[in-house]
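Undergrad: Sequence plus predicted model, see below.
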Amino acid sequence: MKHIEQIYTNCLAQGSYFIESNGEAAVIDPLRETFPYIERANERGVKIKYIFETHFHADFVSGHLDLAKKTGATIVYGPTAETQFEKHTAIDGEQFSIGDLSIKALHTPGHTPESTTYLLFDERGQERAIFTGDTLFIGDVGRPDLAQKASDLTKEDLAGWLFDSLRNKIMTLPDDIIIYPAHGAGSSCGKNMSSETSDTLGNQKKTNYALRADMSKSEFIDEVTADLMPPPQYFAKNAALNKKGYSSIDDAMSQGLRPLSPADIRAIQDDSSVIILDVRVRGHFVKGFIPGSLFIGLDGSFAPWVGALITDIKQKIALVIEPGREEEAVRRLARVGYDNAIGFLKGGFDSWKEAGYTVDKINSIDVSHFTNTFPDEHGRGDIEVIDVRNPNEFDTSHIVDAISLPLDFFNTTDFAETIAKDKRYYVHCRSGFRSTIASSLLYKQGYTNLTNVIGKFDTIKESEIGIEGSCPSLLIEQAIKS
């Protein structure tokens, strides 16, 4: 009997894999938490034999160390991977048996020097699937600028390696082989990934720009390295943890699940070493929040935004969350290496209000109300618009004279150089999620004269408010999900 399962995590747009045959199993690119894999192994009565890592992940902390400790499985990395923990370094072409199946390591450098693709053979020795990590996505390839800087290699050098890896190691495989990548749409590890999470190699040869048969190496390098936004600041820190090691997620969970009373939270409000992180749904946050808290909703792209905006990965964090979701919040922080949650507000935000403590509120309006009441360009006075979408979205279509302050770069922005505290600002994004995060950050910085606009940017485009940009009709296709 054989079993291949993709375990996909939407928050990280990440796919890990559980492969089982005849009493043995392998896991590829596991999440930080170990229970999805141990539970599957127990349910199916198999032993996890190998943990295959395709590369040093930058966008999440992998679960290889904890999973190996709990199961006795061997951690496998590809050639050139150097770590500070015990693992097996595969030789290019080395094969590993899992029951009646076998997996062959194909060194495919380019996304990173150690990047390795794992080729799965069935019980008859037929090539069936490739687990490509960040070497090959559906519709895209891995960006070549995220490797840990251990040499003078440039992104152009790595892009050249990636071209060779794709042409010499992957594109020579049978067209009916199934591609299982490490990420899909929404990940920052590529530029144009599909929302599909698997495909045949033959179809990708027809549809993936990077696999064009007539593409020269120089053309490939130019296209793959063009228009790369700076990676989130936490990427390098996560890659280092995956390479050097980290503490057990069990310790992070135990510490983060300590209940804190309203008085405990009040006592740390003025403590600059602790961030009060409100992860409730947006609709609840905008109705009132603890003064000084930061909003990043658990129901959005939570972990990536935490990693992008909280610059200290060792930051102490006190959580405000709906009762019953505490474990989920702490676990998702740990996925990106934020292991220092100190606890959560017991009873949720209602307990804070019941204790009689001060509540803050940022004025929030529906986008329809905004389009019906916002002055035209001749009558704004001291009213300004802040657009927190990414630069590509802004360039495509934006409100005339809007200020571009991409949320992606808030941690490096000197707001005093761009916006004034004595002016009124409307803050918007594509849907209202990013604008609510941005409003909470600006509010913490003393910009309290804010109106947060919640709703679709399409509604603004369709209104009589002035819009400019290079190609407004392409906004929906080019926009990154808020």
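TA: Thanks, I have the structure now. Numbering: from 1, shown residues only.
Undergrad: Show me where the protein dips below the pLDDT cut-off.
TA: Within the chain, the segments meeting pLDDT under 70 span 1, 148-151, 376-381, 470-482.
Undergrad: check contacts around residue 8.
TA: Contact analysis of residue 8 by C-beta atoms under 8 Å, 6 or more residues apart in numbering lists 14, 15, 184, 197. From N, CA and C alone the C-beta is placed, and that goes for glycine too.
Undergrad: got it, and residue 60?
TA: 12, 14, 31, 32, 238, 303, 335, 336.
Undergrad: With adjacent residues omitted, what lies nearest to residue 110?
TA: Spatial nearest neighbour of residue 110, excluding adjacent residues (C-beta to C-beta, 6 or more residues apart in numbering): residue 162 at 2.4 Å.
Undergrad: is it true that that neighbour touches residue 134?
TA: No: counting by C-beta atoms under 8 Å, residue 162 stays clear of residue 134, with 9.9 Å between them.
Undergrad: Name the residues of the helix or strand residue 264 falls within that are buried.
TA: When elements are assigned from DSSP states H and E, residue 264 belongs to helix 262-268. By neighbour count, with 16 or more other C-beta atoms under 10 Å as the criterion, the buried positions of helix 262-268 are 262, 265, 268.
Undergrad: try stretch 316-326
TA: Going by neighbour count (16+ other C-beta under 10 Å), the buried part of stretch 316-326 is 316, 317, 318, 319, 320, 321, 325, 326.
Undergrad: repeat for stretch 205-223
TA: Along stretch 205-223, these residues count as buried under the neighbour rule (16+ other C-beta under 10 Å): 208, 210, 211, 220, 221, 223.
Undergrad: likewise stretch 106-123?
TA: Neighbour-count burial for stretch 106-123 flags 106-121 (criterion: 16+ other C-beta under 10 Å).
Undergrad: same question, stretch 386-393
TA: For stretch 386-393, the neighbour count (16+ other C-beta under 10 Å) marks 386, 387, 388, 389, 390, 392, 393 as buried.
Undergrad: hang on, the first one is in a helix, isn't it?
TA: No: inclusion of residue 386 in a helix is not indicated when DSSP: H, G, I helix; E, B strand; the rest coil is applied; the result is strand.
Undergrad: residues touching it, list them.
TA: Contacts for residue 386 (C-beta under 8 Å, 6+ apart) come out as 402, 403, 405, 419, 425, 426, 427, 428, 438.
Undergrad: Please enumerate the strands of the stretch 251-400 of the chain.
TA: Under the criterion DSSP state E, counting those that start in this stretch, the stretch 251-400 of the chain contains strands at 259-260, 274-278, 294-295, 316-320, 341-345, 363-366, 383-387, 398-399.
Undergrad: Quick one: closest of those strands to residue 93.
TA: Residue 93 sits nearest to strand 341-345 of all the strands of the stretch 251-400 of the chain, at 43.4 Å, using C-beta to C-beta.
Undergrad: Provide the contact partners of the closest one at residue level.
TA: Here strand 341-345 makes contact (C-beta under 8 Å, 6+ apart) with 252, 255-260, 262, 264-265, 274, 316-321, 326, 329-330, 333, 351-352.
Undergrad: let's see 7 Å
TA: Residues from elsewhere that reach strand 341-345 (C-beta atoms under 7 Å, 6 or more residues apart in numbering): 255-256, 258-260, 262, 265, 274, 316-321, 326, 330, 333, 351-352.
Undergrad: what does stretch 35-47 give?
TA: Contacts for stretch 35-47 (C-beta under 7 Å, 6+ apart): 3, 7, 18, 20, 23-25, 27, 30, 48, 67, 70-71.
Undergrad: Sitting in helices, which of these do you find?
TA: Among those, the ones falling in helices (DSSP state H) are 67, 70, 71.
Undergrad: which one among these gets closest to residue 463?
TA: Nearest to residue 463, judged by C-beta to C-beta, of the ones in helices among the contacts of stretch 35-47 is residue 67 at 51.8 Å.
Undergrad: Quick check on residue 118: phi, psi?
TA: For residue 118, the backbone dihedrals (degrees, to the nearest 10) come out as phi -110, psi 120.
Undergrad: How about it: what's its closest non-neighbour residue?
TA: Excluding its sequence neighbours, the residue lying closest to residue 118 (C-beta to C-beta, 6+ apart) is residue 131, at 4.4 Å.
Undergrad: Pull the number of nearby residues for that neighbour.
TA: Counted with other C-beta atoms under 10 Å, the neighbours of residue 131 add up to 28.
Undergrad: what helix or strand is it on?
TA: strand 127-133.
Undergrad: Next SSE downstream of that strand?
TA: Using DSSP H and E, the helix or strand that follows strand 127-133 in sequence is helix 155-165.
Undergrad: got the CA coordinates for that next one in PDB?
TA: In PDB, the C-alpha atoms belonging to helix 155-165 read as follows (Å, rounded to 0.1, in the frame of the first residue of the first chain):
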ATOM      1  CA  LYS A 155      21.200  36.800  -7.500                       C
ATOM      2  CA  GLU A 156      22.300  36.700 -11.200                       C
ATOM      3  CA  ASP A 157      24.800  33.900 -10.400                       C
ATOM      4  CA  LEU A 158      22.100  31.900  -8.600                       C
ATOM      5  CA  ALA A 159      19.600  32.500 -11.400                       C
ATOM      6  CA  GLY A 160      22.100  31.100 -13.900                       C
ATOM      7  CA  TRP A 161      22.400  28.000 -11.700                       C
ATOM      8  CA  LEU A 162      18.600  27.700 -11.600                       C
ATOM      9  CA  PHE A 163      18.400  27.800 -15.400                       C
ATOM     10  CA  ASP A 164      20.900  24.900 -15.600                       C
ATOM     11  CA  SER A 165      19.100  22.900 -12.800                       C
END
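Undergrad: from here on, count from 22
TA: Okay, residue one is now 22; in that scheme the one you just asked about reads as helix 176-186.
Undergrad: Identify each buried residue in that helix, please.
TA: Across helix 176-186, burial judged by 16+ other C-beta under 10 Å covers 176, 178, 179, 180, 181, 182, 183, 184, 186.
Undergrad: the inter-axis angle of that helix versus strand 148-154?
TA: Interaxial angle, helix 176-186 versus strand 148-154 (axes from the mean of the first three to the mean of the last three C-alpha atoms, to 10 degrees): 170 degrees.
Undergrad: And for helix 176-186, what's in contact with it?
TA: Helix 176-186 has contacts (C-beta under 7 Å, 6+ apart) with 129-132, 156, 162, 165-166, 168, 238, 241-242, 245-246.
Undergrad: Check the residues you listed against residue 199 and report the nearest one.
TA: For the contacts of helix 176-186, the minimum distance to residue 199 (C-beta to C-beta) is 14.9 Å, reached by residue 156.
Undergrad: Before I go, just wanted to say thanks for your time.
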